[in-house]
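Chemist: quick one, what's the 3D model for this:
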Amino acid sequence: MTAPAPASRRGAPGAVRALLPADRLAVGWAAFTGRALAPYQAAVVRIGFALCFGGFLLREWPNRRVLYGDRAAWSVDLARQMLAGNHAFSLLVWSGDRWWFETVYTAAILVSALLLLGWRTRTMSVLFLVAVVSVQNRSVLLGDGGDNVVHLMAIYLAFTRCGQVWSLDARRRRLRPEQADGGPAGVRLWAAVGALLAWAQFSGIAKLGMLAPGVYSWSTVFWGFWLLAGVWWWLGRRDPLGEPRAVMDALGTMLHNCAMLVVAVEVCFIYATAGWYKIQGSLWQGGSALYFPLHLDYFNPWPGLSGLLAAHPVPVFLITYGTVMVQVSFPFLVFNRRIKNVLLVLMMVEHAAIAVMLGLPFFSLAMISADAVFLPTPFLQWLGERVVRAAAGVRAGSASGSRPSFEGHRDKPLSPSRPAPHTGLHAHGDGGGGAAPGPGQ
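Modeler: Purely as a prediction, here's the structure:
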């Protein structure tokens with residue numbers, strides 16, 4: 001429990017600053033164990049990476065078999081040999097048949113869409129991890145830096161409570177609090193996932209080593225997720241106010257907070273390493289590094305626009321040096337709120353320009369989604385309210401368009417039994433309860 005502040009300081013301006021070190025430690029520990037921090041940032045990361053991976057799979061639908069399927073240059077046998085050596089994991093190497101590939105690929109798109117909507121985020125985040133790892137480990141020679149970021153963030157998301165706000169789970173908890181632990185549908189989903197995991201574990205389909213017992217066993221991770229979700233739900237039914245349930249809630253909250261901290265640190269590492277490697281390059285030192293990608297056909301979706309920028313050396317020089325300075329300084333200036341927000345704007349604008357100028361939309365979306373972990377909560381709340389109001393306006397406009405028109409009958413009053421259409425708009429935020437996810441949630 002939180003240690004109360006001294007009576008003389010309670011309610012006074014700057015009370016938190018006036019706390020003694022022991023009191024600050026107690027307040028911080030209570031927040032770390034009792035409240036899932038950064039719920040809006042976790043929701044943005046969830047939405048961004050689900051959109052990035054699902055959109056990529058949809059874009060590559062015509063080429064899916066050549067990239068990851070039965071027609072891929074990196075054959076199933078080669079993939080199995082590599083995965084056996086590095087102890088990685090992929091569902092796509094369990095069978096070389098086309099039907100198996102099509103099933104896994106389609107399921108990956110469906111899981112991405114459900115995670116984007118926030119439906120049973122506890123389960124979907126783990127399945128999203130399985131989908132990302134399975135697709136990317138199938139053909140290891142494909143992909144770029146954005147795919148590596150998606151890979152890492154998919155792992156971290158599995159340990160977060162990323163559906164507390166802006167999700168169908170939050171909406172269900174608000175409308176049906178009695179189903180906060182997942183309800184009957186959640187239990188059925190939990191049982192179905194357990195049955196699939198048991199089938200993969202004991203039927204022999206995963207005999208290639210990816211789910212075999214051992215030091216590098218992925219089965220330990222998946223079974224651990226599944227069993228902990230079941231124990232949490234059982235304790236909630238047996239003794240929701242008991243000490244074991246409270247301990248599991250605190251552990252889940254701490255795991256979420258640690259995962260969000262790891263996401264933030266990972267973003268700092270990405271920019272720090274990218275910036276320091278750029279400093280060592282002669283082209284970046286000379287300020288001409290941007291000039292050359294603008295003349296490569298592979299990174300030239302808009303030749304006219306690229307040629308226009310490349311023809312002016314001053315903007316090329318400023319953008320090149322500005323990129324290095326922003327990336328190198330970000331890990332050191334992230335603790336200053338005002339400077340951090342300015343750097344975030346610059347980096348997001350830079351990634352948006354990369355998406356347009358160099359034709360790398362999914363790399364840019366992955367980086368913008370990772371950057372969003374540093375966005376201030378008031379801004380995200382304001383943005384969410386605007387989106388809700390815009391959606392309410394669209395729904396109201398569609399509803400009014402379907403009503404019968406009274407044009408040409410202005411001289412006839414409305415019947416008393418038919419009231420005038422109501423035009424008030426009410427925007428309700430996504431409160432999202434703080435309950436930890438249960439089976440299938």
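
Chemist: from the contact counts, what lies against the top helix by length along the chain?
Modeler: The residue-count maximum for a helix in the chain (DSSP state H) belongs to helix 243-279. Using 3 or more Cβ pairs under 8 Å, 6 or more residues apart in numbering; DSSP states H and E as the contact test, the elements touching helix 243-279 are helix 21-34, helix 39-59, helix 145-157, helix 218-238, helix 313-333, helix 361-371. (Glycine included, C-beta is placed from N, CA and C.)

Chemist: moving C-terminal of the second one, what's the next helix or strand?
Modeler: Once the chain leaves helix 39-59, the next helix or strand it forms, by DSSP states H and E, is helix 64-68.

Chemist: that next one - what's its average pLDDT?
Modeler: The pLDDT scores in helix 64-68 average 95.

Chemist: could you pull out the buried residues of that helix?
Modeler: Along helix 64-68, these residues count as buried under the neighbour rule (16 or more other Cβ atoms under 10 Å): 64, 67-68.

Chemist: return the closest of these with respect to residue 278.
Modeler: The closest of the buried residues of helix 64-68 to residue 278 turns out to be residue 67 (Cβ to Cβ; 29.7 Å).

Chemist: ok, the closest one touching residue 60?
Modeler: Yes - contact criterion Cβ atoms under 8 Å: residue 67 and residue 60 qualify, at 5.9 Å.

Chemist: just give me how far stretch 324-344 sits from the chain centre.
Modeler: When C-alpha coordinates are averaged (Cα atoms, centre = their mean, to the nearest Å), stretch 324-344 and its chain have centres 22 Å apart.

Chemist: any idea how far apart the tips of that stretch sit?
Modeler: Terminal residues of stretch 324-344 are spaced 14 Å apart (Cα to Cα, to the nearest Å).

Chemist: and if you look at stretch 30-39?
Modeler: Stretch 30-39: ends 17 Å apart by Cα to Cα.

Chemist: tell me the mean pLDDT for that stretch?
Modeler: Mean per-residue pLDDT for stretch 30-39: 87.

Chemist: same question for that stretch: list its buried residues.
Modeler: By 16+ other Cβ under 10 Å, the buried positions in stretch 30-39 come out as 36, 38-39.

Chemist: buried ones in stretch 166-186?
Modeler: 166-167, 169-173, 179-183, 186.

Chemist: for stretch 305-320, same thing?
Modeler: Under the neighbour-count criterion of 16+ other Cβ under 10 Å, stretch 305-320 has 306, 309-310, 316-317, 319-320 buried.

Chemist: can you give the contact residues for that stretch?
Modeler: By Cβ atoms under 8 Å, 6 or more residues apart in numbering, the surrounding residues in contact with stretch 305-320 are 284, 287-291, 294-295, 300, 350, 356-357.

Chemist: list the contacts of residue 176.
Modeler: For residue 176, the contacting residues are residue 183, by Cβ under 8 Å, 6+ apart.

Chemist: neighbouring contacts of stretch 339-352?
Modeler: With Cβ under 8 Å, 6+ apart as the criterion, stretch 339-352 contacts 271, 319, 322-323, 326-327, 329-330, 333-334, 363-364, 367-368, 371, 374-376.

Chemist: now swap in stretch 66-84 and tell me
Modeler: The contact list for stretch 66-84 (Cβ under 8 Å, 6+ apart) reads 60, 65, 88-90, 92-93, 96-98, 101-102, 105, 135, 137-142, 208-210.

Chemist: find the centremost residue of the protein, please.
Modeler: Geometric centre of the chain, nearest residue: residue 46, 2.1 Å, by Cα atoms, centre = their mean.

Chemist: what helix or strand is residue 188 on?
Modeler: Residue-wise, residue 188 maps onto helix 183-202 under DSSP H and E.

Chemist: that helix vs helix 218-238, what angle?
Modeler: Counting by axes from the mean of the first three to the mean of the last three Cα atoms, to 10 degrees, helix 183-202 points 150 degrees away from the direction of helix 218-238.

Chemist: where in the stretch 201-350 of the chain is pLDDT low?
Modeler: The stretch 201-350 of the chain contains residues with pLDDT under 70 at 204-217.

Chemist: let's see it at 80
Modeler: 201-220 (pLDDT under 80).

Chemist: quick one on the thing from earlier: which other helices and strands contact the helix holding residue 188?
Modeler: Contact partners of helix 183-202 among helices and strands, from 3+ Cβ pairs under 8 Å, 6+ apart: helix 121-138, helix 218-238.

Chemist: pull out the buried positions in that helix.
Modeler: Buried residues in helix 183-202 (16+ other Cβ under 10 Å): 183, 186-187, 189-190, 193-194, 197, 200-201.

Chemist: so how far is it off the chain centroid?
Modeler: How far helix 183-202 lies from its chain's middle: 24 Å, per Cα atoms, centre = their mean.

Chemist: same check, this time on stretch 69-82
Modeler: The mean C-alpha position of stretch 69-82 is separated from the chain mean by 29 Å, Cα atoms, centre = their mean.

Chemist: what's the first-to-last distance across it?
Modeler: One end of stretch 69-82 sits 16 Å from the other (Cα to Cα).

Chemist: which non-adjacent residue is nearest residue 52?
Modeler: The shortest distance from residue 52 to any non-neighbouring residue, by Cβ to Cβ, 6 or more residues apart in numbering, is to residue 365 (4.5 Å).

Chemist: OK, contacts around the one you found?
Modeler: Taking Cβ under 8 Å, 6+ apart as the contact definition, residue 365 lies against 48, 51-52, 55, 146, 355.

Chemist: what's the closest of these to residue 251?
Modeler: residue 48 (26.9 Å).
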